[in-house]
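Student: A predicted structure for the sequence below; I have some questions about it.
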Amino acid sequence: MAFAAHQHIIPLSAEPSAIPKPSSIAASPAPSTSSLAPLNLRKFDSRRWWKPLRRIGSQFPKAKPQDSEVSSASDAFSQFKHVLLPITNSNPYLSEGTRQAAATITSLAKKYEARITVVVIDDRQEELLPELETQLASIRWHLSEGGFQEFQLLERRGEGKKPTAIIGEIADDMGVDLVVLSMEAIHSKHVDANLLAEFVPCPVLLLPL
């Protein structure tokens, strides 16, 4: 079986000009800057950004003190029925701070119709205190000046205990509602202010000099 041979003949007469040149391709013109539409830039307003935050923050309720806490604190400082006056100074005529504390405690006892207990605390033995009677007479005189001829008087001498511990012990045993002290007792190191909160179970009124 015979196969016919087919040949494709390209005529040599074809001119190169028939092939398009790259230069003949028209280049598209660049867009004009005048034809670009201007961007719509909005100004940033910080006030609009903060408004939602202020609105959110205003929604949180403010903390208010509980009525029970306020009333209990008010009752603790307005219903004194038994007040305690510790005297830690050995001055037989009473020091300035002790006289101030005596005047304050008689004023409070009058206002709240409270009874007064005075405790004299001294590390020395009683027989070594010739001025003892003078000191007790001074205490009676200053309290009578405040309108109190009747009060309870205790003496704690020569026990070797810290005055702060004795004050706390008496306040606890007798159910005292308030202890009145001059800052003079703190400055003279007779009473330790840091231990008052530990030993004394009731409020303590410290009077400045």
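Tutor: That came through fine.
Student: hey, where'd the strands end up in the protein?
Tutor: Ranges of strands in the chain, per DSSP state E, are 82-87, 115-122, 152-157, 178-182, 204-207.
Student: the first one pairs with which strands, parallel or anti?
Tutor: Its sheet considered, strand 82-87 pairs with strand 115-122 (parallel), strand 178-182 (parallel) by DSSP bridges.
Student: count the residues that sit near Ala171.
Tutor: The local packing of Ala171 (other CB atoms under 10 Å) involves 23 other residues. C-beta here means a position set from N, CA and C on the backbone, and glycine is covered the same way.
Student: swap in Pro86?
Tutor: Count around Pro86 with other CB under 10 Å applied: 29.
Student: which neighbouring elements make contact with the top helix by length along the chain?
Tutor: Identified as the longest helix of the chain according to DSSP state H is helix 96-112. The contact analysis (3 or more CB pairs under 8 Å, 6 or more residues apart in numbering; DSSP states H and E) places helix 96-112 against strand 82-87, strand 115-122, helix 132-145, strand 178-182, helix 183-187, strand 204-207.
Student: can you rerun that using 6 Å?
Tutor: Using 3 or more CB pairs under 6 Å, 6 or more residues apart in numbering; DSSP states H and E as the contact test, the elements touching helix 96-112 are strand 82-87, helix 132-145, strand 178-182, strand 204-207.
Student: would CSV of these with distance to Thr98 and mean pLDDT be doable?
Tutor: Supplementary listing: the helices and strands packed on helix 96-112 in CSV, determined by distance: least, CB to CB, whole Å; pLDDT from 0 to 100:
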stretch, distance to Thr98, mean pLDDT
strand 82-87, 6, 97
helix 132-145, 8, 94
strand 178-182, 6, 96
strand 204-207, 10, 95
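Student: turn these into TSV, columns for distance to Glu113.
Tutor: As requested, the helices and strands packed on helix 96-112 are arranged in TSV below (distance: least, CB to CB, whole Å):
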stretch	distance to Glu113
strand 82-87	11
helix 132-145	16
strand 178-182	13
strand 204-207	18
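Student: of all the ones you listed, which lies closest to Ala165?
Tutor: strand 82-87 (11.5 Å; CB to CB).
Student: where are the low-confidence patches of the protein?
Tutor: 1-78, 126-129 (pLDDT under 70).
Student: which parts of stretch 92-107 are buried?
Tutor: Residues of stretch 92-107 classed as buried by neighbour count (16 or more other CB atoms under 10 Å): 94-95, 97-106.
Student: about what we covered before: Lys111 is nearest to which of the helices and strands packed on helix 96-112?
Tutor: Lys111 lies closest to strand 82-87 among the helices and strands packed on helix 96-112, at 10.6 Å (CB to CB).
Student: now do that closest one against helix 132-145, angle only.
Tutor: Orientation check (axes from the mean of the first three to the mean of the last three CA atoms, to 10 degrees): strand 82-87 against helix 132-145 gives 140 degrees.
Student: strand 82-87 vs helix 96-112, what angle?
Tutor: With the same axes, to 10 degrees as the basis, strand 82-87 and helix 96-112 are set at 170 degrees to each other.
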